[in-house]
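Asker: okay, predicted coordinates and the sequence, questions at the end:
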Amino acid sequence: MVSVANNKNEVSSDYKLLTKLFFRLLPYQILLLVINAVNGIVDSLYASNVLGKSAMSAIGLYGPLNHFLYAASIVFVSGSQILYGRYLTKDRKHINSIFTVDIIIAFGLSLLTSLIMVVSALTNATTLLVTAQPDQKMLNHYLLGQAVGIPALVVGQQLFSFLSLENQTKRTMIASIVCFITNAIFNHVFVVILSMGIFGLGISSAISSWIFFGIMAQYYFAGKSEWKFSLKSIIWKDAPQIAGLGYPGALSRFVEMFRCIIVNFLVLKYVGSDGISSFAASNSLLAVIWAVPFGMVSVARMLFSISLGEHDRRSLVDVVKIVFTKGMMLTVAIDILLITCAVPLTNLFYHDSTSAVYHMTVMGFRILPLCMPLAVISLTFACYAQAAEKKILSIVLPIVDGMIGVVLFSFILIPVLKMNGLYIANVLNGVLCAIVIITSSWIEEKKFPFKLEPLMAIPKRFGVDADKRIDVSVRNMDEVVSVSERITDFCKAQGVDERRTYLASLCMEEMAGNVVEHGFSLDKKNHSVDIRVINLDGNLVLRIRDNCSAFNPSKRAEAMKFDEDGQNIGIKLVYGMAEKVYYQNLLGLNVLTIQI
């Protein structure tokens with residue numbers, strides 16, 4: 001018997017497919033963040049063990065600018081992904097414009113940032129951040145080294161995101177690993193062998209960023225990508241749309257830049273430079289772990305944009321459910337490990353167990369991990385609010401999370417509890433964000449949200465009503481015939497004319513049968529064909545999604561247009577009968593959309 005939408009087996013099948021996809025994409029998204037974080041750890045280790053505490057302070061003072069760069073990158077990445085989801089099913093030619101405009105504005109802003117960094121370092125404008133010596137001198141040299149690689153870093157992060165959508169995960173992994181290895185090698189050469197000081201740390205990161213960019217850009221230079229850089233395709237109105245859709249996702253990072261400045265001031269005033277050094281040490285290592293929740297958000301953003309583009313309400317809820325269950329379990333397990341290993345982790349940076357900086361770093365490793373489970377909730381909802389264009393929540397939540405909560409509690413707690421006050425402030429910030437999410441939902445739904453879907457407050461107008469769609473999962477050839485019968489019954493109930501009813505059932509039977517017969521047999525993995533038929537304002541939209549090896553029936557249909565040998569008659573029939581047929585290998589899934 002074929003599984004249908006209201007059947008628990010079907011829901012389980014679709015949920016399992018999303019879960020597998022989520023955790024298949026997650027390692028690659030984590031990897032990009034981990035490489036950046038590990039590079040930061042390597043820099044911190046050389047700074048603390050070779051160059052001294054002033055170098056560590058310089059790295060800590062560079063933190064606000066690092067937040068700004070990451071925030072700018074997220075604006076472009078998230079905005080282009082959301083816009084991509086919108087045009088996925090209705091205007092696929094528009095995708096090249098999104099890609100081209102995104103790369104141009106990302107490069108322009110990153111180049112401007114590099115110039116400002118160089119001018120600030122050469123003119124000592126960094127006195128706005130620090131006046132003490134040799135801390136300011138160290139910061140100036142570090143800025144000069146880092147500035148060389150900023151364009152490659154920001155544009156490279158864009159390419160990483162686009163390659164993920166095109167399922168080029170092997171290339172992104174290679175680029176990330178090579179980036180890490182080269183940075184480690186250059187750090188040793190420039191700092192230990194050539195004695196270039198903290199400038200050597202900065203220029204090492206810059207060179208590694210260009211290598212990272214080059215490996216990924218080669219795929220586009222070779223003309224293999226679906227997304228093409230084309231000045232002829234540019235639609236400049238996409239630029240404000242990308243920024244308008246993307247800025248809520250980066251708002252938290254932007255305000256974190258100001259949070260860092262305020263927190264650094266409070267720490268210097270009430271604790272001293274040892275506090276900055278301890279916070280920089282614990283943060284540099286925890287940045288690797290933060291790659292897990294941030295990676296989850298990156299994957300969720302991709303899946304949100306696609307679900308919204310397909311008006312798929314159920315998948316939207318399932319993505320959040322996956323993050324809050326399986327993703328949360330992973331986060332908690334990591335937290336327990338971090339807290340247990342606080343002392344050996346501190347020993348990586350400082351060895352004098354009697355020093356103040358040593359004890360402050362230990363407490364950082366014991367308290368700061370408690371932020372992460374709460375951050376998973378806040379980050380996921382901020383991402384969802386951004387994708388769903390919930391304007392108020394998408395602005396208020398990142399501002400509270402990125403600055404207000406931590407700064408408010410820091411002003412209260414740091415004068416009393418010193419560095420522990422800052423650590424606890426970060427945890428309380430997560431509690432405050434959870435209250436904001438619940439309150440927002442309560443106001444919108446006019447009742448307290450006891451379950452996930454009411455908590456998400458999905459607009460009732462979103463998606464296709466249950467009686468206007470049918471979802472079917474097929475796992476073997478015996479179920480293929482039943483698909484045709486189910487779709488025929490659905491179309492008749494919708495009042496669809498006989499001709500289109502016949503075409504819809506025949507198209508799905510032919511294409512589902514083709515996937516089962518040829519796709520399932522290529523390996524020994526468990527596969528399913530997830531089918532959706534929608535009556536969208538009188539138009540029938542059919543979608544077939546499977547996790548088999550990539551296969552583009554559009555190319556096969558074009559190649560067989562004048563072939564009279566009788567092969568692949570099913571594909572010929574479908575492309576001859578359908579009004580529109582779109583294929584894409586999306587995030588490693590074959591997705592075929594047919595409009596009748």
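Answerer: Yep, that arrived.
Asker: quick one: contacts for the residue nearest the centre of the chain?
Answerer: The residue lying closest to the centre of the chain (C-alpha atoms, centre = their mean) is Ser298, at 1.3 Å. By C-beta atoms under 8 Å, 6 or more residues apart in numbering, Ser298 lies in contact with 29, 33, 161. From N, CA and C alone the C-beta is placed, and that goes for glycine too.
Asker: same thing but at 7 Å, please
Answerer: The contact partners of Ser298, by C-beta atoms under 7 Å, 6 or more residues apart in numbering, come to Gln29.
Asker: any idea which element it lies in?
Answerer: Taking DSSP states H and E as the definition, Ser298 sits inside helix 273-309.
Asker: next secondary structure after that helix?
Answerer: Next helix or strand after helix 273-309 toward the C-terminus (DSSP H and E): helix 313-322.
Asker: give me the mean pLDDT for that following helix.
Answerer: Taken as a whole, helix 313-322 has a mean pLDDT of 88.
Asker: could you say what helices and strands that helix packs with?
Answerer: Packing contacts for helix 313-322, counted by 3 or more C-beta pairs under 7 Å, 6 or more residues apart in numbering; DSSP states H and E, involve helix 8-46, helix 273-309, helix 452-456.
Asker: and the contacts of it?
Answerer: So helix 313-322 is contacted by 15, 18-19, 22, 300, 303-304, 307-308, 380, 384, 452-453, 456, 458, 462-463 (C-beta under 7 Å, 6+ apart).
Asker: from memory Phe229 sits against Tyr220, does it?
Answerer: Yes - applying C-beta atoms under 7 Å, one finds Phe229 in contact with Tyr220, separated by 6.2 Å.
Asker: the helix or strand where Leu266 lies: which residues count as buried?
Answerer: According to DSSP H and E, Leu266 maps onto helix 238-270. Along helix 238-270, these residues count as buried under the neighbour rule (16 or more other C-beta atoms under 10 Å): 238-239, 241-242, 245-257, 259-260, 263-264, 266-267, 270.
Asker: repeat for stretch 163-180
Answerer: Using 16+ other C-beta under 10 Å as the test for burial, stretch 163-180 gives 163-169, 171-172, 175-176, 178-180.
Asker: repeat that for stretch 409-418.
Answerer: Buried, per 16+ other C-beta under 10 Å, within stretch 409-418: 409-410, 413-414, 418.
Asker: now swap in stretch 340-357 and tell me
Answerer: So, applying 16+ other C-beta under 10 Å, buried residues of stretch 340-357: 342, 345-346, 348-350, 356-357.
Asker: circling back to that earlier point, closest to Phe365 out of the buried residues of stretch 409-418?
Answerer: Distance ranking of the buried residues of stretch 409-418 against Phe365, using C-beta to C-beta, places Lys418 first at 16.2 Å.
Asker: what angle do the helix holding Ser298 and helix 313-322 make?
Answerer: Using axes from the mean of the first three to the mean of the last three C-alpha atoms, to 10 degrees, the direction of helix 273-309 lies 160 degrees away from that of helix 313-322.
Asker: burial count for Thr19?
Answerer: 17 (other C-beta atoms under 10 Å).
Asker: ok, now which ones touch it?
Answerer: Under the criterion of C-beta under 7 Å, 6+ apart, the neighbours of Thr19 are 322, 326.
Asker: make it 6 Å
Answerer: Thr19 is in contact with Ile322, counting by C-beta atoms under 6 Å, 6 or more residues apart in numbering.
Asker: could the buried residues of stretch 340-357 be laid out in a markdown table, adding pLDDT?
Answerer: Listed next are the buried residues of stretch 340-357 as a markdown table, based on pLDDT from 0 to 100:
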| residue | pLDDT |
| --- | --- |
| Ala342 | 93 |
| Leu345 | 91 |
| Thr346 | 92 |
| Leu348 | 85 |
| Phe349 | 84 |
| Tyr350 | 86 |
| Ala356 | 90 |
| Val357 | 89 |
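Asker: let me have these in TSV, extended by secondary structure and distance to Arg313.
Answerer: TSV is the format used below for these (DSSP: H, G, I helix; E, B strand; the rest coil; distance: C-beta to C-beta, whole Å):
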residue	secondary structure	distance to Arg313
Ala342	helix	43
Leu345	helix	43
Thr346	helix	47
Leu348	coil	47
Phe349	coil	48
Tyr350	coil	51
Ala356	helix	54
Val357	helix	52
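Asker: between those residues, which sits nearest Thr113?
Answerer: Of all the buried residues of stretch 340-357, Phe349 has the smallest distance to Thr113: 28.7 Å, by C-beta to C-beta.
Asker: phi and psi next, for that closest one.
Answerer: Backbone torsions of Phe349, given as degrees, to the nearest 10, read phi -110, psi -40.
Asker: so how many other residues sit close to the residue nearest to it when sequence neighbours are not counted?
Answerer: Closest residue in space to Phe349, ignoring its immediate chain neighbours: Ala281 at 4.2 Å, by C-beta to C-beta, 6 or more residues apart in numbering. Residues near Ala281, counting by other C-beta under 10 Å, number 29.
Asker: any idea how far Ser410 is from Ala281?
Answerer: Note on Ala281: its distance to Ser410, by C-beta to C-beta, to the nearest Å, is 19 Å.
Asker: kindly report the same for Ser440.
Answerer: On the measure of C-beta to C-beta, Ser440 and Ser410 end up 24 Å apart.
Asker: got it, and Gly244?
Answerer: Distance, Gly244 to Ser410, by C-beta to C-beta: 31 Å.
Asker: so what's Ser44 up against?
Answerer: Residues counted as contacts of Ser44 (C-beta under 6 Å, 6+ apart) are Ser284.
Asker: residues touching Ile339, list them.
Answerer: Applying C-beta under 6 Å, 6+ apart, we find Ile339 in contact with 366, 369.
Asker: any idea of the pLDDT on it?
Answerer: Per-residue pLDDT puts Ile339 at 94.
Asker: same thing with Glu256?
Answerer: pLDDT, read off for Glu256, is 76.
Asker: check whether Thr501 really touches Cys491, as I assumed.
Answerer: Yes - the pair Thr501 / Cys491 is scored as a contact, 3.9 Å apart, by C-beta atoms under 6 Å.
Asker: who's more crowded, the two?
Answerer: Cys491 (23 against 20).
Asker: and the more buried one, how far from Leu536?
Answerer: Cys491 is 13 Å from Leu536, by C-beta to C-beta.
Asker: now do Met173
Answerer: Distance, Met173 to Leu536, using C-beta to C-beta: 38 Å.
Asker: likewise for Glu310?
Answerer: Counting by C-beta to C-beta, the gap between Glu310 and Leu536 amounts to 11 Å.
Asker: so for these two, which sits in the more crowded spot?
Answerer: Taking neighbours as other C-beta under 10 Å, Glu310 and Leu536 compare with Glu310 leading, 22 against 13.
Asker: distance of the more buried one from Cys383?
Answerer: Counting by C-beta to C-beta, the separation of Glu310 from Cys383 is 18 Å.
Asker: residues in contact with Ile181?
Answerer: Residues in contact with Ile181 (C-beta under 6 Å, 6+ apart): none are found.
Asker: for burial, what's the neighbour tally of Asn526?
Answerer: 10.
Asker: again with Leu316
Answerer: Residues lying near Leu316 (other C-beta under 10 Å) number 24.
Asker: so who does Val533 touch?
Answerer: Residues near Val533 by C-beta under 6 Å, 6+ apart: 470, 487, 542.
Asker: ok, and the closest non-adjacent residue to the second one?
Answerer: It stands for Ile487. Ser505 (4.5 Å).
Asker: buried ones in the helix or strand encompassing that neighbour?
Answerer: Using DSSP H and E, Ser505 maps to helix 498-514. Neighbour-count burial for helix 498-514 flags 500-514 (criterion: 16+ other C-beta under 10 Å).
Asker: show residues contacting it.
Answerer: Residues from elsewhere that reach helix 498-514 (C-beta under 6 Å, 6+ apart): 474, 480, 483-484, 487-488, 491, 529, 540, 542, 544, 570, 574, 577, 594, 596.
Asker: for the buried ones among those, write the corresponding PyMOL selection.
Answerer: Of those, the buried ones can be selected in PyMOL as follows, counting by 16+ other C-beta under 10 Å:
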select buried, resi 474+480+483+484+487+488+491+529+540+542+544+570+574+577+594+596
